[in-house]
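>>> next input, structure requested:
(one chain, ligands or ions: 1)
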Amino acid sequence: MNVLGICGSPHADGNSAYALRHALAVVESHGIETTYIPLFDKSIRPCDGCFCCRKGECIYNDDMLPIYEALRLCDGLLLASPVYLGMVTGQMKVMMDRTLLIRVGENFGMSGKVGAGIACGGFRNGGQELTLLNMQTFFLQQNMHVIADGPRFSHSGATIVGRAGEDTVGLQTVENLAHHLAETVVKLRRPSAERPG
Ligand SMILES: Cc1cc2nc3c(=O)[nH]c(=O)nc-3n(C[C@H](O)[C@H](O)[C@H](O)COP(=O)(O)O)c2cc1C
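Numbering: from 1, shown residues only. Take a look at the predicted model:
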């Protein structure tokens, strides 16, 4: 089992990277392998809308290639993004658009995988929930299962305000989300006869 974390911040060691690494460490505590992919050092062209992907190939051979592979292999996908004007960053959106290649005709390569999001903003009410909604809409478009931070609180996912390392309440939402993601991935991978309920 593998959970892939993609960080949409332009900063290598910013708040989103901190929160995502924290979440992936929690996922690993469940015995699940993780992969971390930051976008800050990737060169990914925006989608040109040529629909060549309908023939199975993108016209661009860029840093999306290893990301396609990681997306296909993972069981769970954890996206983390700073809030930019109430939305995900451009880096994150470009990556999302380029995954049209995985979603062609009847073939949805991310079907049934579990998706969860972390949004980091500079301000309270800065648009963290809308940013999570961007990610959740993406998961739905890819026919994935969308989860939030789970019981007892289960709100919209994980949110950070200000410096991630100092936001103890925010880090609690990150940990709750990561536990819920790990548990859901394990539950969905188990044969149905073994599943409780
Ligand atoms: C272009 C830009 C737009 C931003 N817009 C918002 C915003 O709408 N709401 C908010 O709370 N913070 C906003 N911020 C602040 C960042 O979301 C915040 O500093 C975040 O923690 C940065 O994450 P990082 O360290 O992972 O890059 C913005 C920052 C930039 C550079």
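>>> residue 8: how many residues sit nearby?
The local packing of residue 8 (other C-beta atoms under 10 Å) involves 29 other residues. C-beta: built from backbone N, CA, C; applies to glycine.
>>> mind checking the SS state of the closest residue to it other than its chain neighbours?
Spatial nearest neighbour of residue 8, excluding adjacent residues (C-beta to C-beta, 6 or more residues apart in numbering): residue 92 at 3.0 Å. Put simply, residue 92 is helix when judged by DSSP: H, G, I helix; E, B strand; the rest coil.
>>> wait, isn't residue 56 in contact with residue 104?
Yes: contact criterion C-beta atoms under 8 Å: residue 56 and residue 104 qualify, at 7.0 Å.
>>> between those two, which has more neighbouring residues?
Neighbour count, other C-beta under 10 Å: between residue 56 and residue 104, residue 104 has more, with 14 against 10.
>>> and that one, how far is that from the ligand?
Noted for residue 104: a distance of 32 Å to the ligand, by C-beta to the nearest ligand atom, to the nearest Å.
>>> can you report phi and psi for that residue?
phi -120, psi 120 (degrees, to the nearest 10).
>>> that one pairs with what?
Assessed by DSSP bridges, residue 104 has beta-bridge partners residue 107.
>>> likewise for the one 10 residues further on?
Beta bridges link residue 114 to residue 76, residue 145, judged by DSSP bridges.
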